[in-house]
Each structure stands twice: as structure tokens, then as C-alpha cells.
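*Asks:* the sequence and its predicted three-dimensional model are supplied below.
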Amino acid sequence: MADAALRLTALAEELLGERLPVRIRAWDGSESGPPGAPVLVIHSRRALRRLLWKPGELGLARAWVAGELDIEGDLYAALDLMASLIWDRGGEAKDSVHPVRDPKVRAFAKGLLQLAGPWLPPPPPPEEVRRRTGTLHTKRRDKEAISHHYDVGNDFYELVLGPSMVYSCAYWEDDGNLEGAQRDKLDLVCRKLALKEGDRLLDVGCGWGSMAIHAAREYGARVTGVTLSVEQAAYARKRIAEEGLTDRIEIRVQDYRDVRDGPYDAISSIGMAEHVGSVRFREYADDLYALLKPGGRLLNHQIARRPEKDESAYHVDEFIDAYVFPDGELAPVGRTVATLEEAGFEARDVESIREHYALTLRSWVANLEKNWDRAVRMTSPGRARVWRLYMAASALSFERNKIGVNQILVVRPAEGGAARMPLRARDWTASATG
């Protein structure tokens, strides 16, 4: 009798203490759950064995990446329903799912074992980062982490990001499109930095060169871009040559900690600081402060998380750490601003653009889904599945205010404390004062 789905549903509902809002379809063809709901498809018992041996998010992620677990129907709706069921149940409820001494957990594990069989779990999918050794956020380890995420293939990123090749939050109008929104974001950064002809701009984590090209072409800046990704640098240099801007832009494969040719008039750091890590963030702030001339501006565009009641309890998301951004860390925006000011900067503006990132991510997911077969050929089925899941789940996290993104504008004060900023806040094109 085909009843695996019914048994799984019963086990899950007993453990969670409420009805499952999604439907389950098991490997034996059985189904259970509310009609019309998104369907969680369990293609193989292997998925259950992964969950038994690695309970929680990482076990589920491995099954998803391996193609043993899938969602049929609206991906966003399914993730939203499951987030409400599991991750948003509150600390007490989440804690109660894990301890081995909990009789509900023991009963769930016993039932899962009967369905999964007594075999060992399959090895992790090849897309998973192998466990790193050594001190966190050394230059070597950071380079390896960046390479894992960014050296996937420029052709793949073209499919996902579109012609702009900008891998950070866009800046949207109500009826805008992705390319226009990314152009508007780059222009906003340039205006906040008050770039003008001949200014030296350091673009930290320059990606595929889009910010450097915009600043040089539209504002006449002389730009140095640094990245740890060899593939990004090669792509950026090719674009720059095609634009005829090689006399204005230099792209280096270089750690920002090794830049020694300041002072710069302005620094942009767009979507890079998430890789720095809490143990290195003050060093990051100190280094950028030293590279700016007095009166120079830094625009730090960075994802933020909500503060924890107990900050020592913060831990990096297992799926993101293992498959997406190894060693990446998020900090509350207040902590980021405080550290920048501790380094000597004066904070002049903080703009939250959280909703804009949800729109950006949904556009990237749409691009990936539209070009799915090509994306799989360019990378692997597992890599494409990683990206689809992480981007869709991240879009929901921005929409639900679990994470945010902020443009923080700070200045290195000139002699006597002068900031050389416009009198009216956010009048970025006004004449500087004092």
C-alpha cells in the first residue's frame, strides 16, 4: 500500500502540533495534504536519510540541491508557508524541535527511520563548500570563499543578472525594469559621492566593472576597481576596453587590505562588506578611512540583519554558508554605522532600500527560470537549484523585514571638522559648504 506521504504528514503534524499547509507527494506516488496547496515532492528516501543524519536546514538543503526534494507550484508561496510554519514559530518552539530528549522528536526520528531505511546518508552534493580550515577571514580564506561564489562562470551571471551585470540591490521606480533600476542605483551612488571630472574613485569589490564604467563614462572619474575574483576581473577589463575607457579605469585582482596608493577622493563599496566579517570590520573601516583624503566620502552599500536580543547567539545561516556565501556575515545597521564612526568617519546619511532588494531578487529569479536549461548546462543542476532557492528565499526575507539593505554615506572630516557636504540633506547635486 502506497502511504508514505500520509505517514510523513502525520509525523510532521504530530511534531509541529498543527496542520501542514503544504501538500506532500512521496516517492511511492502517494499524496497527502490540503488540495490546491503547493506540493512538497519527495523524490527519494535519500532525502529522509539526509534529514535523519543532519537534522534541520542543512539536511533539507542537501536534499534540495541533490534534486531529491522539490516544490511543485508557486515557489514563493511554498517557502512563505513553510517559513511561517517552522522558522517564524518563535525561539521556544524552534528550540523544542531539536533536543533528543524531547519525546516528540524521538517519535518523529523513529518514524522517519522506518520510512527512510537503515542505510547511511549519501555524501553531500558536490556544490557544497568543503569544510574550511584556518583562521576566519584571512586573505587566503577570503579569496577561496569569493572564488566559490563568483567564479561560477560569467555566462551564468549574464543569464541571471541581465545586461547590467550588477550583482547588488537595484533602485526602482514604480514602473521600472531591472536594467533601468540598476543604472539608477549606480547613478545614485555617484551623486551621493559627489563625483566630478578627474576625481579618483576606489571601487571596493568592483564585480564585473559596472560601477567603474558608469563613474568614468558619466562623471569623468578615474577609477581603481579591486576584486578577488579572477573571472570578474577578466570580464570587467574586456568591457572597459570595449567602452574605450582603459585610460580611466584600472581593474586589479587585489585584496582591499593591500591597496596602498591613496588618497582617493571617494570610495564605493557596494555589496562587498557582507564578506568582511565581524572580526575584520573595524580593520575594513580603518583601511578605507586611511585611503580617503580629508573631506572624501565613502558609500557603504550593505545588507543588514535584525538585531538579536543576545548578539552572542547569532549564527550564520547553514544553507547560505555551505552553498552560497561561505564565511559571509550580516550585522545590524546600527553596529555598522557605529564601527564606521569609531574609525573616524562622520555618518551623514543612511537610506534603507529594503523593498528594492526584494524586487531585484524576484527579477533575477525570473531570469534564471526563463533560462533554466541553459543555466544548468553552464553550471550544474545542483548549482542552478542553489541559486533559485537562495534568491527566492532571500526575496521573502527582505519582504518580511527579516533582513534589510542600506546605503550608508560617511565622510572623513577635513581640518576643523568640515564635512564639505550640501546644507540640505539628500540634495546630492548642491554645492558643498564649509
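*Replies:* Thanks, I have it.

*Asks:* mean confidence (pLDDT) on stretch 222-235, please.
*Replies:* Across stretch 222-235, pLDDT averages out at 95.

*Asks:* now do stretch 29-49
*Replies:* Stretch 29-49 shows a mean pLDDT of 95.

*Asks:* kindly report the same for stretch 182-197.
*Replies:* 97.

*Asks:* now that stretch, how far from the centre of its chain.
*Replies:* Mean C-alpha position of stretch 182-197 versus that of the full chain (C-alpha atoms, centre = their mean, to the nearest Å) differs by 22 Å.

*Asks:* ok, residues contacting that stretch?
*Replies:* 162, 164, 166, 168-173, 176, 201, 210-211, 214-215, 218-221, 265-266, 268, 270, 297, 299, 301, 349, 407, 409, 428-429, 432 (C-beta atoms under 8 Å, 6 or more residues apart in numbering). Where you see a C-beta, it was placed from the backbone N, CA and C, and this is true even at glycine.

*Asks:* now stretch 404-411
*Replies:* Contacts for stretch 404-411 (C-beta under 8 Å, 6+ apart): 169, 188-189, 192-193, 295-306, 333, 336-337, 340-341, 345-354, 356-357, 398, 419-421.

*Asks:* same question for stretch 116-123.
*Replies:* Contacts of stretch 116-123 (C-beta under 8 Å, 6+ apart): Arg45, Arg46, Leu48, Arg49, Arg50, Leu52, Trp53, Lys54, Ala66.

*Asks:* ends of that stretch, how far apart?
*Replies:* Stretch 116-123 has an end-to-end distance of 16 Å (C-alpha to C-alpha, to the nearest Å).

*Asks:* now Ala215. Nearest residue, chain neighbours left out?
*Replies:* Ala221 (4.2 Å; C-beta to C-beta, 6 or more residues apart in numbering).

*Asks:* quick one, what contacts the one you found?
*Replies:* Contacts of Ala221 (C-beta under 8 Å, 6+ apart): Cys190, Leu195, Lys196, Glu197, Gly198, Asp199, Arg200, Leu201, Ala215, Arg248, Ala266.

*Asks:* among those residues, who's most crowded?
*Replies:* Ala215 (28 neighbours; other C-beta atoms under 10 Å).

*Asks:* which element is that one on?
*Replies:* Using DSSP states H and E, Ala215 sits within helix 210-219.

*Asks:* CA atoms only: put that helix into CSV for me.
*Replies:* Below are the C-alpha coordinates for helix 210-219, written out as CSV (Å, rounded to 0.1, in the frame of the first residue of the first chain):
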residue,chain,number,x,y,z
SER,A,210,29.6,48.3,-13.9
MET,A,211,30.1,50.9,-11.2
ALA,A,212,33.6,51.7,-12.6
ILE,A,213,32.3,52.2,-16.1
HIS,A,214,29.4,54.3,-15.0
ALA,A,215,31.5,56.6,-12.9
ALA,A,216,34.2,57.0,-15.6
ARG,A,217,31.8,57.4,-18.5
GLU,A,218,29.1,59.6,-16.9
TYR,A,219,31.1,61.6,-14.4
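
*Asks:* what is the orientation angle of the helix or strand just after that helix with helix 210-219?
*Replies:* Where DSSP H and E defines the elements, the next helix or strand beyond helix 210-219 is strand 222-227. Relative orientation of strand 222-227 versus helix 210-219 (axes from the mean of the first three to the mean of the last three C-alpha atoms, to 10 degrees): 170 degrees.

*Asks:* residue contacts, Ser168?
*Replies:* Counting by C-beta under 8 Å, 6+ apart, Ser168 makes contact with Lys185, Gly207, Ile270, Gly271, His301.

*Asks:* try 7 Å this time
*Replies:* Ile270, Gly271, His301 (C-beta atoms under 7 Å, 6 or more residues apart in numbering).

*Asks:* show me where pLDDT drops low in this structure?
*Replies:* For the chain, applying pLDDT under 70 flags the ranges 1, 85-101, 131-134, 136-137, 139, 142-151, 425, 427-434.

*Asks:* select the longest helix from it.
*Replies:* The longest helix of the chain (DSSP state H) is helix 381-399.

*Asks:* may I have the lengthiest strand in the chain as CSV, with CA atoms only?
*Replies:* Among the segments of the chain that qualify as a strand by DSSP state E, the longest is strand 292-305. The C-alpha trace of strand 292-305 is given here as CSV (Å, rounded to 0.1, in the frame of the first residue of the first chain):
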residue,chain,number,x,y,z
LEU,A,292,40.4,58.7,1.7
LYS,A,293,41.5,62.2,1.5
PRO,A,294,40.1,64.6,4.2
GLY,A,295,36.6,65.6,3.1
GLY,A,296,36.4,62.4,1.0
ARG,A,297,33.2,60.3,1.1
LEU,A,298,32.6,56.5,1.4
LEU,A,299,29.4,55.0,0.2
ASN,A,300,28.9,51.6,2.0
HIS,A,301,26.0,49.7,0.5
GLN,A,302,25.4,46.6,2.7
ILE,A,303,22.8,44.0,3.7
ALA,A,304,21.8,44.1,7.4
ARG,A,305,20.1,41.7,9.7
